[in-house]
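Asks: Compute the structure for the input listed below.
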Amino acid sequence: MGLLLMPLLLARPASAQDLFDHVIVIADAEQTNQGHVALDASQPGKVDIAWRAADGGTRYTQWDRAGLNDNHGIVINGEKVCGLTHTLLGIRRHDDALYVGANNHKHLNQWSRQADGSWENNDSGVSVAGYHGATADWDVNPKTGRGGFIGITTTQADEAAEPSFQRVYVEQQEDGQWKTTTLDPRHQNSTRAAMTYTRTGVPIVAYQVLEKGNETIVAGAVTARRTAEAQAYRWFPLDIASDATSTLHLLVVLHTGQTNYYRMTPRNNRWVGPATIIEAGHYGDAVFTRIAVNAKGTRIAALVQDKEGNLLLAATNQRAEQWATVPLPGAKAQAADVAFGPDSELYVCYHDAEAEQLKLLVAVD
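Replies: The predicted structure follows:
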């Protein structure tokens, strides 16, 4: 159903679970805290899943489609990655290595899975301004396997001074050390930021700039002297993705909850859009939004929130001229995740509050 999911969703309304081939229970109420989920689907037929557990730590498991008879519909609950995790920023696989990024005790941390199944912490040494995900994002460079964060740090001249805030890009070096680059300082400490890498390893960041009468989103390569801008007005969450052609796909939530989509190809430095996915959503404090693009850039999926805070799966084709949405059963505002596999199979992982379970939805051919 994977390749047929988007046209089917666009053609007629349906329930989300009807559109998927498999609904797998990953964790029960004892091991999930209603949000903070991250997926990596880069391996054929497999998906790596990290989530924030009920004890505040992070847990991990892998779902393998080849083992459907063994793991379909059963509680797995996973292995422990780390203790206290304020915000789970993502999970990525590079070759045989697996990494998890997290905001842990206000520090930006990257965890790596060792051959014996244990997890090793690599602390970036950077403290961010808040706990709750408004100030950091993380990804792994597909060319080098080294991680990168975007965050807002707290600096303080002396004990009596008020904290000042500084947006930074933090990149892991070949020797494992971290290098910090200061980005455009025009910002508010509470605004969101996102980052990704192109397939060629170029780091891409997106964040809000607040200037009187000129609220914009700056998005583009970290090394660019002046990046392209997409117009905004007091937005809240945003997310950015890149496909194999290095086309950038940007998702922005306005203060009204309206969710807009922008696109920028490598041929120009100009954002095309916005295309509106939903006219108005969860007003004023949407928790997050997520966007995923298949390798060829022909399928796009997003997670957005409606006025009541319900979680919706939105889908479109390459032109992004028309978006269709369908609600996820039992899902309220939370940090869920969506990803495409190598063959355009679609994965959605979220907390079903009614069933009190962490669920993985899988659409394949």
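Asks: Strands along the stretch 151-300 of the chain, start to end?
Replies: Using DSSP state E, counting those that start in this stretch, the strands of the stretch 151-300 of the chain run over 164-172, 178-182, 193-197, 203-209, 216-221, 228-231, 238-242, 248-253, 259-264, 272-278, 290-293, 299-305.
Asks: tell me the mean pLDDT over the fourth one?
Replies: Spelled out, it's strand 203-209. If you average the pLDDT over strand 203-209, you get 86.
Asks: strand partners of it, parallel vs antiparallel please.
Replies: Strand 203-209 pairs in its sheet with strand 193-197 (antiparallel), strand 216-221 (antiparallel), by DSSP bridges.
Asks: The first one now?
Replies: Under the criterion DSSP bridges, strand 164-172 sits next to strand 147-155 (antiparallel), strand 178-182 (antiparallel) in its sheet.
Asks: Reformat the strands of the stretch 151-300 of the chain as a markdown table; add mean neighbour count and distance to A339.
Replies: Glycine gets a C-beta too; all of them are placed from N, C-alpha and C. Output for the strands of the stretch 151-300 of the chain, formatted as a markdown table (neighbours: other CB atoms under 10 Å; distance: least, CB to CB, whole Å):
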| stretch | mean neighbour count | distance to A339 |
| --- | --- | --- |
| strand 164-172 | 20 | 22 |
| strand 178-182 | 14 | 26 |
| strand 193-197 | 25 | 13 |
| strand 203-209 | 23 | 18 |
| strand 216-221 | 21 | 21 |
| strand 228-231 | 18 | 23 |
| strand 238-242 | 24 | 10 |
| strand 248-253 | 25 | 14 |
| strand 259-264 | 24 | 17 |
| strand 272-278 | 18 | 18 |
| strand 290-293 | 23 | 5 |
| strand 299-305 | 25 | 9 |
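Asks: and K359, which of the ones you listed is closest to it?
Replies: For the strands of the stretch 151-300 of the chain, proximity to K359 was assessed by CB to CB; strand 299-305 is nearest, at 13.4 Å.
Asks: what packs against that closest one?
Replies: If you count contacts as 3 or more CB pairs under 8 Å, 6 or more residues apart in numbering; DSSP states H and E, strand 299-305 packs onto strand 248-253, strand 259-264, strand 272-278, strand 290-293, strand 311-317, strand 337-340, strand 346-352.
Asks: Which strand or helix spans L68?
Replies: helix 68-71 (DSSP states H and E).
Asks: After that helix, which helix or strand is next? Please name it.
Replies: Going down the chain from helix 68-71, the next helix or strand is strand 79-82, by DSSP H and E.
Asks: Was I right to think L68 contacts H22?
Replies: Yes. Between L68 and H22 there is a contact under CB atoms under 8 Å: 7.3 Å.
Asks: the more surrounded of those two?
Replies: Comparing L68 with H22 by other CB atoms under 10 Å, the one with more neighbours is H22, at 17 against 14.
Asks: ok, now how distant is that one from A315?
Replies: As for H22, its distance to A315 is 18 Å (criterion: CB to CB, to the nearest Å).
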